[in-house]
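>>> fold the following.
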Amino acid sequence: MRRTGLLRPVRLCAAIASLLLMPASVSAQDVTEPSLKAAFIYNFAIFTEWPADVVPAGPFVVCVLGDAAVGEALERQFKGRLIAGHSMAVAQLALAGPQRMCHVLYVSGVTAGQVGRLIAGLRDVPVLTISDVEGFADLGGIAQFFFEHGRLRFSVDLASAGRARLQLSSRLLSLAKHK
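Numbers count the residues shown, from 1 in each chain. Just a heads-up that it's a prediction; the model follows:
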């Protein structure tokens, strides 16, 4: 039984590594970009620790702003899965929506100015912010998707994660570019 307990983290690490190294330009029958981003977001959530005072009694809420396809892929990805023993709910938000109710917030298709205002409103709030908007991490976001050699990659801003009181797993950080 102890052996199974030791293999689980190794399997999780191998699974996230394979997702992170998967080319984003695979054929439509394999993996779409929204489903790949959803898989990354799910793994980000698994490998993040929230402060004890914000762990919900109900579900973890993953909010999506500006990318309905990723929201739909997240709903499929999360179906029947748990984060730290909690079910997960996906909420599609408008720009003026209530971001503070989110545990994870994925933002896409907005301007840098809108991102700046959004991040300023969440400063020091324990929300894992993720985006594919260029310059997101420079504006105070925690994780930013980008393509490198045809592969989906991500960078993290450890200072932003620290301000949000979020602890990112060393397994996640070993696969990221750091700011």
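
>>> show me what the longest strand belonging to the chain pairs with in its sheet, parallel or antiparallel.
In the chain, with assignment by DSSP state E, the single longest strand is strand 86-93. The strands that strand 86-93 pairs with in its sheet are strand 60-65 (parallel), strand 82-83 (antiparallel) (by DSSP bridges).

>>> weakest of those strands in terms of mean pLDDT?
Least confident of the strands paired with strand 86-93, judged by mean pLDDT, is strand 82-83 with a mean of 84.

>>> who touches it?
For strand 82-83, the external contacting residues (Cβ atoms under 8 Å, 6 or more residues apart in numbering) are Ala45, Ile46, Phe60, Met88. Every C-beta, even on glycine, is put in place using the N, C-alpha and C of the backbone.

>>> residues in contact with the residue positioned nearest the centre of the chain?
Nearest to the geometric centre of the chain sits Ile41, at 3.2 Å (Cα atoms, centre = their mean). Neighbour list for Ile41: Val62, Val70, Leu74, Gln77, Val104, Tyr106, Ile130 [criterion: Cβ under 8 Å, 6+ apart].

>>> about what we covered before: looking at the strands paired with strand 86-93, which is buried most?
strand 60-65 (a mean of 24; mean count of other Cβ atoms under 10 Å).

>>> next, the buried residues of the helix or strand following that one.
Per DSSP states H and E, the first helix or strand lying C-terminal to strand 60-65 is helix 68-78. For helix 68-78, burial by neighbour count (16 or more other Cβ atoms under 10 Å) applies to Val70, Gly71, Glu72, Ala73, Leu74, Glu75, Gln77, Phe78.

>>> now those residues in CSV, with distance to Phe154?
As requested, the buried residues of helix 68-78 are exported to CSV (distance: Cβ to Cβ, whole Å):
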residue, distance to Phe154
Val70, 14
Gly71, 19
Glu72, 21
Ala73, 16
Leu74, 16
Glu75, 21
Gln77, 16
Phe78, 19
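
>>> out of the residues you listed, flag the one nearest to Thr32.
Using Cβ to Cβ, Ala73 comes nearest to Thr32 of the buried residues of helix 68-78, at 7.3 Å.

>>> contacts only, for that closest one.
Contacts of Ala73 by Cβ under 8 Å, 6+ apart are Thr32, Pro34, Ser35, Lys37, Ala38.
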